[in-house]
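J.: Quick one: sequence and predicted model below, then my questions.
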Amino acid sequence: MNQMPSFDSISTRAAAATPVRIAARVRGLSDTAIAWLFITPTMLLLLAINLFPLIWTIQLSFTNYRANRPNAPVRNVGLEHYQTILTDPDIWARMQATAHFVFWTILLQTVIGFALAYLIDRKFRGHGFWTTLILIPMMLSPAVVGNFWTFLYQPQIGLFNYLVSFVSGVEPASFQMLGDVSLSPWAIIIVDTWMWTPYVMLICLAGLRSIPDYIYEAAEVDRASNWRQFVSITLPMCLPFIMLAVLFRGIENFKMFDLVNLLTAGGPGSTTELASITLKRAAFEAWRTGYSSAFAVIMFVMIFGLANIYVKALNQVKAR
Amino acid sequence: MTSLRSLAFAGAAAASYLLAGTGAQAQSKTITLCWAAWDPANALVELSKDFTAKTGTQMKFEFVPWPNFADRMLNELNAKGRLCDLMIGDSQWVGGSAENGHYVKLNDFFAKEGIKMSDFSPATVEGYSTWPKGTQNYWALPAMGDAVGWTYRKDWFARPDLQAAFKAKHGRDLAPPKTQTELKQIAEFFQNREIDGKKVYGASIYTERGSEGITMGVTNALYPFGFQYQDPKKPYAMDGFVNSPDAVAGLEFYKSLYKCCTPPGASNGYMQEGLDAFKSGQVAMQMNFFAFFPGLYKDPNVGGDKIGFFVNPSEKTSGSQLGGQGISVVSYSQNRNEALAYIKWFADPEIQKRWWALGGYSCHKAVLDDPNFAKTAPFAADFLTAMGQVRDFWQEPAYAQLLQATQRRVHDYVVADQGTAKQALDLLIQDWTKVFKEDGKL
Amino acid sequence: MSANAHSVVEPSAGAKLAASVLVILYACVALIPLLWIGLTSIKSPPDSIAYPPKVVPFVHFTPTAEGFCNLFTTRSRQTPDYIAGLPPSTGGCDEVARSRNMVVVGASNYVPRFVNSLIIAFGSTALSIVLGTAAAYAFSRFRVPLKDDLMFFILSTRMMPPIAVAIPVFLMYRELGLSDTRLGMILLYTSVNVSLAVWLLKGFIDEIPREYEEAAMIDGYTRLQAFWKVVLPQATTGIVATAIFCLIFAWNEYAFAVLLTSGAAQTAPPFIPIIIGEGGQDWPAVAAGTALFLLPILVFTVLLRKHLLRGITFGAVRK
């Protein structure tokens, strides 16, 4: 933050002046009152639109309530929904699809993102300009852009198939990115990677720039090879940053809905039906509100639990 | 400071105006009609200008494409939303909308205004208006009759070289198919054939996964092959009917048609994708709803002399998937009187005739029973035949869950190559049984 | 230092060249989809689905405004006879439609949806910033009991899958009559954005030395006056950066919008994918709608590039 000289002089005087807190309390509201006045509106909003709904969801998850039949009698079903969901092989298949998506997107984005950050950190001329360009995809609406990717993926007229065939010589209409059972999981991974690699790159770049020059200079003195410097300095010192990026991407992709809903809506068959899409179908198409509330709670606990374990690991790495 | 404060006030004033939305400016009343975004909807916009001229009530329209239509509009109804005053909702919604109070019951209104349901074709009244089925409780006025049918490239079928080649192979003329088996032979004949230097494909069929597409498609193979939803003598007894050998053969047939004769990438197509494929000259035949036929007939590239139509072919028996909708008044509407006035206007036989002329499918007997009706359009006779053999999917209040299960099991088998047809139908019975049990029907 | 030609601190010219080639290559490939959105928006529908794809304007295809016309109007197909019987066209989009045997029947819903997006995005951003700045200031300056727990609670609200949040919010809004209203969407987006705003702004305010306001209070300002006249002006950059982040989130959001709005308050993201022409997806119109919708974000990205990192990591990485 930039300096304000006029206040500098005041603050120097302040050091020798009367006790601050007393002066502040004489006039106007007390600090405690202001603190609560300032925090309460935010808390009320969050209580009303986040916490209260969460509690309601938990309560609904023990019932057979259906939002599309408000007049039907509501019965308490105890843990039945939880039991059904956790023993349903279909749900586990959806979880597997989600895990596959999360794992590969994170892996690809981390590798490509880190490599890009490393290259950008060579500080070639114009790197600022190109960095800004690379960042653009992640700022855009996943739904709106995802929708356009269905056009790029059209087997007969799509640009993606055309470019692949241009490079590889394969007949463009011979493969269907969105319609083929074995290709569609990769189709959504490609789009997500396209969108979010810049995100990982940006965080890695901050990591690279946080490494002080003198460490490298010391390594040079020790005649450590470039590779050795990379393995023993660059990677370990970047690790907390990379792990942070993985955390954010992991949470986001576990919740993934918009992009995949527009690209495949879960198809072909149920190949790309990620957990959020299953949840949406149960909640807003089948209107099994109680059942889907239980599923929502399970998803929330999973995300929350995994994130907490992960943050512990992250803190350990940071502490080292 | 002061300028900042006045700015804030101005902002607040502007915000309160904008937040109030369009509801505030209601000098002359405006009502909103919700329907799917498709050709007939645009015709209805044109038709409705007459209503505005006669009553002074302005019309607004919310049209949602089919893949999102049910989702969005049922969501709106379940949210007790006030967006729609009039809803042209799908036939399967009647049960749920009646039981949950989304639609206004129209019996008293019909009696008062002298609108008689006997003036409308019985199949459409049964399909679009009544709940429970078989009673005289009316929740909608039949607005748009519809069924699945087929279009074909008349110009390609008429080519002497193709005629000769087809005859040499199959020993009969290349003509619109009479049976499902013939349909597949013709589709195979055209698949990957070069026509005017362009590779073409056999047929476009419904394969969409997300909403109702593949179900609306596969039933056109299932019904003719002998599929039944339940034991006619014992409701909800599905074993041996849903998964009968005939039903299995029908499902296997649909998959073989998908595998042999559709354009590449047709793994998630519904009405729009079918139109795309047909209009761009990719396919010889197209499965689609009759609703699109007037528009296709007017198409500058593939319409007119180049297009022909046929009813869904039979196999062991005959059958077509029912489409179509009735028009209902939403019970949460704040403009109920204007909405009812629209229905009264729409039910008028003269307006119904104009509706058909503009490209909508009237269900009124004044239109359908006209001796000249079959000659008014090249697809009119086929429409009457199709409406005579229609069957609909479950119309139960739980239809959405039944549909979800069907979408999944059929798509898994047909497109994603999982398991056998018998297994798919067995699983479907399991899913449906679960839904009916939850609903207390079993 | 200059003894080693390949010092890490200042990479060699060769390394720089190689790096620049690779980075530029990646950027070019990554921007192809965006370029294609732009190109498709100025193609005619047949050109947009031509194979092989038409790339260069004026060489491979003639640019046209048809996509934009189709974006802003709805049309109905008619026979040539019918069109010949109409009064002369008013030019512009009417002319384009008639050349395709269609007549314009009215305006499309794109503009109202775009306006909804503007109102909801700016409304929720303003509210998030007001609430967020106040809360962030309190968390930064005062000893609030359970501060860490409250801050963590605020953050954890971001871990809920949007669909999970939407289930009870749907029920709640149904009872309150907030379904498909702009106010409902503004409140919902604010509840999501305020967590980001609090975390980011707390970081920005932490960076403003306490001595400034303390000195001001010695000079006779109350705490509130000091906050208003000293802290806020100092935090302007941070507030603007945070505001842009909130704007972008609200602008791009899809899941809540598709589940909780259907018309009156529907924003552009759930609307753009369902723009269809008369028979078939109208890709030039979709591309035109997409391009217009993405344009503001491009501007924001450039404006925001210095603060991007901080925004996307909830202030965890400040650089």
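T.: The structure has been received and is ready for your questions.
J.: Every contact and neighbour count from this point should use C-alpha atoms.
T.: OK.
J.: Please name the nearest non-neighbouring residue to C:Ala136.
T.: C:Lys202 (4.5 Å; CA to CA, 6 or more residues apart in numbering or on different chains).
J.: How many neighbouring residues does the one you found have?
T.: Counted with other CA atoms under 10 Å in any protein chain shown, the neighbours of C:Lys202 add up to 23.
J.: Enumerate every residue touching it.
T.: With contacts defined as CA atoms under 8 Å, 6 or more residues apart in numbering or on different chains, the neighbours of C:Lys202 are C:Thr133, C:Ala136, C:Tyr137, C:Phe139, C:Ser140.
J.: On the three-state scheme, B:Val329 is what?
T.: Put simply, B:Val329 is strand when judged by DSSP: H, G, I helix; E, B strand; the rest coil.
J.: pLDDT value on it, please?
T.: Per-residue pLDDT puts B:Val329 at 97.
J.: Spatially, which residue comes closest to it, not counting chain neighbours?
T.: Nearest one to B:Val329, counting by CA to CA, 6+ apart, is B:Leu86 at 4.8 Å.
J.: same deal with A:Leu183?
T.: A:Leu183 sits nearest to A:Met177 (CA to CA, 6+ apart), 5.3 Å away.
J.: Please tell me how far the residue nearest to C:Ala136 sits from C:Leu196.
T.: Here C:Lys202 is placed at a distance of 10 Å from C:Leu196 (CA to CA, to the nearest Å).
J.: Kindly report the same for B:Pro232.
T.: Going from B:Pro232 to C:Leu196 by CA to CA gives 60 Å.
J.: These two: which has the busier surroundings?
T.: Of the pair B:Pro232 and C:Leu196, C:Leu196 is the one with more neighbours under other CA under 10 Å, namely 27 against 11.
J.: Show the residue spans covered by the helices in the stretch 1-150 of chain B.
T.: B:2-20, B:39-55, B:66-78, B:94-99, B:107-113, B:122-124 (DSSP state H, counting those that start in this stretch).
J.: any chance of those helices in CSV, with distance to C:Ser117, mean pLDDT and mean neighbour count too?
T.: CSV is the format used below for the helices of the stretch 1-150 of chain B (distance: least, CA to CA, whole Å; pLDDT from 0 to 100; neighbours: other CA atoms under 10 Å in any protein chain shown):
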stretch, distance to C:Ser117, mean pLDDT, mean neighbour count
helix B:2-20, 12, 45, 12
helix B:39-55, 26, 90, 17
helix B:66-78, 18, 88, 21
helix B:94-99, 31, 90, 22
helix B:107-113, 40, 95, 12
helix B:122-124, 40, 88, 20
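J.: Out of these, which gets nearest to C:Ala50?
T.: helix B:39-55 (24.2 Å; CA to CA).
J.: Show me which residues of chain A are close to chain B?
T.: A:67-71, A:154-156, A:173-176, A:178-181, A:265-270, A:284-286 (CA under 8 Å from any CA of the partner chain).
J.: and chain C, which of those residues contact it?
T.: Answer for the residues of chain A next to chain B near chain C (CA under 8 Å from any CA): A:Ala67, A:Gln156, A:Phe284.
J.: Restricted to helices, list those.
T.: Assigned to helices by DSSP state H, the following of those qualify: A:Phe284.
J.: show me what contacts B:Phe379?
T.: B:Phe379 touches B:Phe293, B:Phe309, B:Phe310, counting by CA under 8 Å, 6+ apart.
J.: Which one (most neighbours) among these?
T.: B:Phe293 leads the contacts of B:Phe379 on contacts (other CA under 10 Å) with 25 neighbours.
J.: ok, for it, nearest residue in space, not its chain neighbours?
T.: Nearest to B:Phe293 is B:Phe379, by CA to CA, 6+ apart, at 7.3 Å.
J.: Next, count neighbours for the closest residue to chain C within the stretch 251-400 of chain B.
T.: As assessed by CA to the nearest CA, chain C sits closest to B:Gln272 within the stretch 251-400 of chain B, at 4.5 Å. B:Gln272 is flanked by 22 other residues according to other CA under 10 Å.
J.: C:Gly184 now?
T.: 21.
J.: coming back round to it: can you tell me which of the contacts of C:Lys202 are in helices?
T.: Those of the contacts of C:Lys202 lying in helices (DSSP H): C:Thr133, C:Ala136, C:Tyr137, C:Phe139, C:Ser140.
J.: Same list (those) but as JSON lines, adding distance to A:Asn226 and neighbour count.
T.: Output for those, formatted as JSON lines (distance: CA to CA, whole Å; neighbours: other CA atoms under 10 Å in any protein chain shown):
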{"residue": "C:Thr133", "distance to A:Asn226": "46", "neighbour count": "28"}
{"residue": "C:Ala136", "distance to A:Asn226": "44", "neighbour count": "28"}
{"residue": "C:Tyr137", "distance to A:Asn226": "46", "neighbour count": "24"}
{"residue": "C:Phe139", "distance to A:Asn226": "45", "neighbour count": "26"}
{"residue": "C:Ser140", "distance to A:Asn226": "43", "neighbour count": "22"}
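J.: Go through the residues you listed and say which is closest to chain B.
T.: C:Thr133 (16.6 Å).
J.: Run through the residues that contact the closest one.
T.: Counting by CA under 8 Å, 6+ apart, C:Thr133 has contacts C:Ala197, C:Val198, C:Leu201, C:Lys202, C:Ile239.
J.: With B:Leu141 instead?
T.: B:Leu141 neighbours (CA under 8 Å, 6+ apart): B:Val125, B:Tyr128, B:Ser129, B:Gly326, B:Ile327, B:Ser328, B:Ile343, B:Ala347.
J.: For beta bridges, what are the partners of it?
T.: B:Ile327 (DSSP bridges).
J.: what about it, distance to A:Tyr65?
T.: 32 Å.
J.: For the stretch 301-442 of chain B, which residues score under the pLDDT cut-off?
T.: Counting by pLDDT under 70, not a single residue of the stretch 301-442 of chain B qualifies.
J.: Smallest distance to chain A belongs to which residue of it?
T.: Closest contact between the stretch 301-442 of chain B and chain A, by CA to the nearest CA, is at B:Asp412 (4.2 Å).
J.: Next, the buried residues of stretch B:152-164.
T.: By 16 or more other CA atoms under 10 Å in any protein chain shown, the buried positions in stretch B:152-164 come out as B:Tyr152, B:Arg153, B:Lys154, B:Trp156, B:Phe157, B:Leu162, B:Gln163.
J.: pull the CA atoms of that stretch into CSV?
T.: In CSV, the C-alpha atoms belonging to stretch B:152-164 read as follows (Å, rounded to 0.1, in the frame of the first residue of the first chain):
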residue,chain,number,x,y,z
TYR,B,152,-37.5,-38.9,-45.9
ARG,B,153,-35.6,-37.4,-48.9
LYS,B,154,-38.2,-37.9,-51.6
ASP,B,155,-35.7,-36.7,-54.2
TRP,B,156,-33.1,-39.3,-53.3
PHE,B,157,-35.7,-42.1,-53.1
ALA,B,158,-36.8,-41.1,-56.7
ARG,B,159,-33.3,-41.4,-58.3
PRO,B,160,-33.4,-44.0,-61.0
ASP,B,161,-29.9,-45.2,-60.2
LEU,B,162,-30.7,-45.7,-56.5
GLN,B,163,-34.0,-47.2,-57.3
ALA,B,164,-32.3,-49.8,-59.5
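J.: Next, format the helices of the stretch 1-150 of chain B as a markdown table and append distance to chain C.
T.: Below are the helices of the stretch 1-150 of chain B laid out as a markdown table (distance: least, CA to the nearest CA, whole Å):
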| stretch | distance to chain C |
| --- | --- |
| helix B:2-20 | 6 |
| helix B:39-55 | 6 |
| helix B:66-78 | 6 |
| helix B:94-99 | 16 |
| helix B:107-113 | 28 |
| helix B:122-124 | 25 |
